[in-house]
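**Student:** build me a model:
(6 chains)
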Protein chains: 6
Amino acid sequence: MTSAPIEYADASAEVRAVYDDIMATRNTDWINNYWKVLAHHPATLRRMWANAKEVMGPGALDALTKEFIYLAVSITNGCDYCIASHGAAARNKGMSREQHAELVAVVGLANETNRHAAALALTIDERFQ
Amino acid sequence: MTSAPIEYADASAEVRAVYDDIMATRNTDWINNYWKVLAHHPATLRRMWANAKEVMGPGALDALTKEFIYLAVSITNGCDYCIASHGAAARNKGMSREQHAELVAVVGLANETNRHAAALALTIDERFQ
Amino acid sequence: MTSAPIEYADASAEVRAVYDDIMATRNTDWINNYWKVLAHHPATLRRMWANAKEVMGPGALDALTKEFIYLAVSITNGCDYCIASHGAAARNKGMSREQHAELVAVVGLANETNRHAAALALTIDERFQ
Amino acid sequence: MTSAPIEYADASAEVRAVYDDIMATRNTDWINNYWKVLAHHPATLRRMWANAKEVMGPGALDALTKEFIYLAVSITNGCDYCIASHGAAARNKGMSREQHAELVAVVGLANETNRHAAALALTIDERFQ
Amino acid sequence: MTSAPIEYADASAEVRAVYDDIMATRNTDWINNYWKVLAHHPATLRRMWANAKEVMGPGALDALTKEFIYLAVSITNGCDYCIASHGAAARNKGMSREQHAELVAVVGLANETNRHAAALALTIDERFQ
Amino acid sequence: MTSAPIEYADASAEVRAVYDDIMATRNTDWINNYWKVLAHHPATLRRMWANAKEVMGPGALDALTKEFIYLAVSITNGCDYCIASHGAAARNKGMSREQHAELVAVVGLANETNRHAAALALTIDERFQ
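**Tutor:** Numbering: from 1, shown residues only, chains lettered A, B, ... in the order given. I've put the predicted structure just below:
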C-alpha cells in the first residue's frame, strides 16, 4: 500500500491548497515526498501540515533549534527518510558541519547513558523531583 | 546488581578525583546518583565522565542546545531518570517553561512522522541526498 | 551470516514438512523469505511456525484485527520487511486503503502521545488502575 | 518541569472549553491526567485534542479496533501511562479479557519476528512490493 | 486488565503442570510473577514456557551467555521487570560484578554507535556483505 | 551531511594516528566505514576509538562474548550497518553458525517477553530486588 507520490499537476483542489500553503510557508517551489504520499489521504495531509506548521515555526525555541531536536529524535529512531529530510532542513536553516558533528555526538552519548540508567535501576535524586 | 550510591566520604581516592572534577566543572557541591552508582566500577566512572565533559561542554552548539538534544533523546527512549536529570540540567542552563513545552511538542511530532515515514516506505527525495 | 533463502526443491524433509503446513494453512503455493531463511536452523523454523500458527489464527480477535496489531508494532519498530509482509497479509485479509490510512494515523498519534506521557512524567489516574 | 494537573475549577476559559468538549465527546464527567497536564500549554492541549478527536473516532476502522492499535504501539514503546489509559479505553469500548490476552500475544510475537527480520537482513519478497 | 499473580494453590491442573515443569527444570521451589500473571491465559503460559525452555537451555551457547544476551536486550528496551529477573538469572548462573559492569558498558557503547551509524547513513562495507 | 569515507592516503596526521592504532590493535590492514566517516570530526574519531578499545577488549568477559552482546543490541535497534559489522567481528572471533542462530532466537524471545512484561504491568518479585 505504498503509493506513488502525487504530483501537483495530478492533485485535487483540496490537496493543491495544502501544497500551495507548504510552498508559501517554506518559500520554495518544491514539495518533498512525505507530503506527496500523505496526499492519498487528504484528511491526514491537511491535519499533519497544520500540526507541522504550528509546531515547527519559531517560538520560544528558534526554528533551527527545533530542527536539531527533530533530527535527534529521528536518529534515535533510526528513521532514514527523516534523518535525510530534517538534516536538509537543518542545513537550510544554517546548521554547520561542526554543529552537526556535535549533535551526533550528543545523540550517541545520550543513548549510551539512557541504557546505563536502565541497567542500574537508578533512583531519581530528590533534587530532580 | 543494582548498587547503593557511593558517597564521597566512602569513596576511594580514584573515585574522589572524578567527583572533585565533576563538582568543579559544574560549579556545584553535589553529585547525582548516576555517577555515584557508576563508581562501583571506577574505570567506567572515569571513562564516562571524560566523555560527558568533552561532549556536553559548549562548542559549535551552546550548552543549553546540547541539553535540549539530550532531553529529546531521553524522552524518545522513555528513560525516566534521564528525563529528570537532563530536564533539571536544562532548567539550570536557562530553559523556560515555554521552551520546554515546545520541545515536548517537537519530540512528539517527530516520533509521529517517523512512523508515518516507515509505514509509507518513503523514497528519499533526490534533493535530500 | 545472512543466508540465501532455501527453496523447496533444496530443502530437507524436516523443512519441507513445515513448508507444506505453511502453504496448506495459508491456502497458497508460496513461501516468503522469512521462513526460507529461518530454514537454515530447522528447530527455529519449526518453533516459530508453531507460534505463528497458534497466535495468528482467528480467536477472540479475528485474523484481520491481528494483522492490524502486527502491522502497528512493525511500523513502530521501523521493520521494513515486516511492514511489507504484514501489509500484504492485511490486504489479503481485506484491509482497505482507507483502513490502512487510518491505521497509519493512529500509529503515528500513539507514538506522539507516548512521548508526551514520558516527557511529562504523568501519574497514572486512579481510575485506570 | 512536571506540573500538577490543572483541575476544571482552576482552569482558564480556553482550557475549560477543551475540557468541555472532551467530556461531551466521551460522554463522561471526567478528564484524565494527560489532558490536565497538557493544559499548562493551552495551544498544545487544543492541538492534541483536535488530533485525537479526528483520528480516534470511528471511520473505516471502528473505535475499538483503533484502541487495539493504540495499545499495541504503547506496549511496544513500554509507555506505562499509555498502556493503563488505553487499556481502560479499550475495556470501556468492549475489549474482553480473551481479546486482551490475544492482543498481548500478537504484540509479543511481532516484536520477536521484527528482530529476526533485522538479524537476518531479509530481502523483501517481490510479491510484497 | 493487569491481573493478580495466580498462586500454585489457586491454579488449575493445566497451570500447575506448567508450574511443576518450570520448578523441575530450574531446580527451584519458586515461580516468578511473569508466569503467574501469564497463567490467566493458560494457552499463552504453556506456549511461552515451551519457547523459553527450548531457547534458553544450553546449546552452542552456554546458559550464562544466553542470559547476557537476554539482559542486553532488556536493558536496550528499558524493561525494568526483565532487567531485574534476568539480572537475577545471570547472577544465579555465575555472573560476577565485574562481568555485569562490562556488560553494561558494552550495551551502552553499542547503543551509542548504533545511533552514529544511523546519523551518518553509513554504507555497509563490501567486506561485511 | 553524509560524508564520503576518508581514505588513509587522504587523511591528516591526526587521523592516520588513529587509523594506525585501529589496524595494529585489530591486527588487520583495513579500516571500516564507521571510522572513515567519523574522521571528518577528528575529536569524535579519537574519542570513540578510545572508548571502543577500552570497552571491547577482553576482560571479565571474553572478546567474543562482548561481540554477542553488541550484536544483540544492534539487532534490537534494527541497525543494519551495526548488524553487518559486528556480525563480521563475531565471526572473526569464532562465532559459529549454530551460535548465531541461537543468539538470534534469544534476542527474538527477549524482545517478545519484554513486551509481555510491559503489557501486564508486572510487579518486580521481592526475590529479584
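
**Student:** any residue of stretch A:22-30 up close to chain B?
**Tutor:** Yes: judged by CB under 8 Å from any CB of the partner chain, stretch A:22-30 comes into contact with chain B at residue A:30. (Each C-beta comes from the backbone N, C-alpha and C, glycine too.)

**Student:** which positions in stretch A:24-36 come out as buried?
**Tutor:** A:31, A:32, A:33, A:34, A:35, A:36 (16 or more other CB atoms under 10 Å in any protein chain shown).

**Student:** would you agree the first one is in contact with residue A:22?
**Tutor:** Yes: at 5.9 Å, residue A:31 and residue A:22 qualify as touching, with contact defined as CB atoms under 8 Å.

**Student:** and chain A, which residues reach chain D?
**Tutor:** So chain A meets chain D at A:43, A:47, A:51, A:54, A:55 (CB under 8 Å from any CB).

**Student:** which pLDDT value goes with the first one?
**Tutor:** We have a pLDDT of 98 for residue A:43.

**Student:** okay, now it: neighbour count?
**Tutor:** Here the neighbour count serves as a burial measure; for residue A:43 (other CB atoms under 10 Å in any protein chain shown) it reads 15.

**Student:** got phi/psi on whichever residue of chain A sits closest to chain F?
**Tutor:** Across chain A, the shortest distance to chain F (CB to the nearest CB) belongs to residue A:101, at 3.8 Å. For residue A:101, the backbone dihedrals are phi -60, psi -40 (criterion: degrees, to the nearest 10).

**Student:** over to the closest residue to it other than its chain neighbours: give its phi and psi.
**Tutor:** Spatial nearest neighbour of residue A:101, chain neighbours left out: residue F:41 (3.8 Å); criterion: CB to CB, 6 or more residues apart in numbering or on different chains. Backbone dihedrals for residue F:41, given as degrees, to the nearest 10, come out at phi -130, psi 80.

**Student:** mind checking the SS state of residue A:60?
**Tutor:** Assigned with DSSP: H, G, I helix; E, B strand; the rest coil, residue A:60 falls in the coil class.

**Student:** contacts only, for it.
**Tutor:** B:96, B:98, B:99, B:101, B:102 (CB atoms under 8 Å, 6 or more residues apart in numbering or on different chains).

**Student:** find the nearest non-adjacent residue to it, please.
**Tutor:** residue B:98 is the one closest to residue A:60 (CB to CB, 6+ apart), at 3.8 Å.

**Student:** show me what from chain A comes close to chain F.
**Tutor:** With CB under 8 Å from any CB as the criterion, chain A comes near chain F at residues A:78, A:87, A:91, A:95, A:97, A:98, A:100, A:101, A:104, A:105.

**Student:** in chain A, what spans have low per-residue confidence?
**Tutor:** Residues of chain A that meet the criterion pLDDT under 70 lie in A:1-2.

**Student:** tell me the contacts of the residue nearest to the spatial centre of it?
**Tutor:** Nearest to the mean C-alpha position of chain A, counting by CA atoms, centre = their mean, stands residue A:70 at 4.6 Å. Residue A:70 sits next to A:56, A:82, A:86, A:89, A:90, B:106, B:109, B:110 when contact means CB under 8 Å, 6+ apart.

**Student:** quick one: which of the residues you listed is most hemmed in?
**Tutor:** Each of those was scored by neighbours using other CB under 10 Å; the highest score is residue B:110's, at 29 neighbours.

**Student:** let me see the domain layout of chain A.
**Tutor:** Taking automatic domain parsing as the reference, chain A has its domains at A:1-56, A:59-129.

**Student:** hey, which of the ones you listed is tucked in deepest?
**Tutor:** Compared across the domains of chain A, domain A:59-129 shows the largest average neighbour count, a mean of 22 (mean count of other CB atoms under 10 Å in any protein chain shown).

**Student:** near chain E, which residues of chain A are found?
**Tutor:** On the criterion CB under 8 Å from any CB, chain E has as its neighbours in chain A the residues A:75-76, A:78, A:80, A:83-84, A:104, A:107-109, A:111-116, A:118-121.

**Student:** please list which of the residues you listed are also close to chain C.
**Tutor:** Taking CB under 8 Å from any CB, the overlap between the residues of chain A next to chain E and the neighbourhood of chain C is residue A:78.

**Student:** about what we covered before: considering only the residues of chain A next to chain D, which also neighbour chain B?
**Tutor:** The residues of the residues of chain A next to chain D that also fall near chain B, by CB under 8 Å from any CB, are A:51, A:55.

**Student:** could the residues of chain A next to chain D be laid out in CSV, adding distance to residue D:5?
**Tutor:** CSV is the format used below for the residues of chain A next to chain D (distance: CB to CB, whole Å):
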residue, distance to residue D:5
A:43, 31
A:47, 27
A:51, 24
A:54, 24
A:55, 23
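
**Student:** how about residues contacting stretch A:81-98?
**Tutor:** Counting by CB under 8 Å, 6+ apart, the neighbours of stretch A:81-98 from elsewhere in the structure are A:32-34, A:63-64, A:67-68, A:70-71, A:74-75, A:100, A:103, B:59-60, B:110, B:113-114, B:117, B:122, B:124-125, B:127-129, E:118-119, E:121, F:1, F:40-41.

**Student:** picking that back up, the residue nearest to residue A:60 sits in which helix or strand?
**Tutor:** Element membership of residue B:98 [criterion: DSSP states H and E] is helix B:97-119.

**Student:** next one: phi and psi at residue A:124?
**Tutor:** According to degrees, to the nearest 10, the main-chain angles of residue A:124 amount to phi -70, psi 130.

**Student:** residue A:6 and residue A:36 touch, don't they?
**Tutor:** Yes: in this structure, residue A:6 is within contact of residue A:36 by CB under 8 Å, at 5.3 Å.

**Student:** that older thread, out of the contacts of residue A:70, who's nearest chain D?
**Tutor:** Within the set of the contacts of residue A:70, residue B:109 lies nearest chain D; the separation is 9.8 Å, counting by CB to the nearest CB.

**Student:** quick one on the thing from earlier: which of the domains of chain A sits closest to residue C:10?
**Tutor:** Minimum separation from residue C:10 across these (CB to CB) falls at domain A:1-56, 31.4 Å.

**Student:** in chain A, what residue spans correspond to helices?
**Tutor:** Assigned by DSSP state H, the helices in chain A fall at A:13-26, A:33-38, A:42-56, A:63-77, A:80-92, A:97-119.

**Student:** reformat the ones you listed as a markdown table; add distance to residue F:12.
**Tutor:** Formatted as a markdown table, the entries for the helices of chain A read as follows, by distance: least, CB to CB, whole Å:
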| stretch | distance to residue F:12 |
| --- | --- |
| helix A:13-26 | 38 |
| helix A:33-38 | 38 |
| helix A:42-56 | 38 |
| helix A:63-77 | 26 |
| helix A:80-92 | 24 |
| helix A:97-119 | 15 |
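
**Student:** closest to residue B:17 out of these?
**Tutor:** Nearest to residue B:17, of all these, is helix A:97-119, at 20.3 Å by CB to CB.

**Student:** residue contacts, residue A:34?
**Tutor:** Under the criterion of CB under 8 Å, 6+ apart, the contact partners of residue A:34 comprise A:81, A:85, B:113, B:116, B:117, B:120, B:122.

**Student:** nearest spatial neighbour of the last one, chain-adjacent residues omitted?
**Tutor:** This means residue B:122. residue A:81 (4.5 Å).

**Student:** if I look at the closest residue to residue A:59 other than its chain neighbours, how far off is residue A:76?
**Tutor:** Excluding its sequence neighbours, the residue lying closest to residue A:59 (CB to CB, 6+ apart) is residue B:102, at 5.3 Å. The span separating residue B:102 from residue A:76 equals 19 Å under the rule CB to CB, to the nearest Å.
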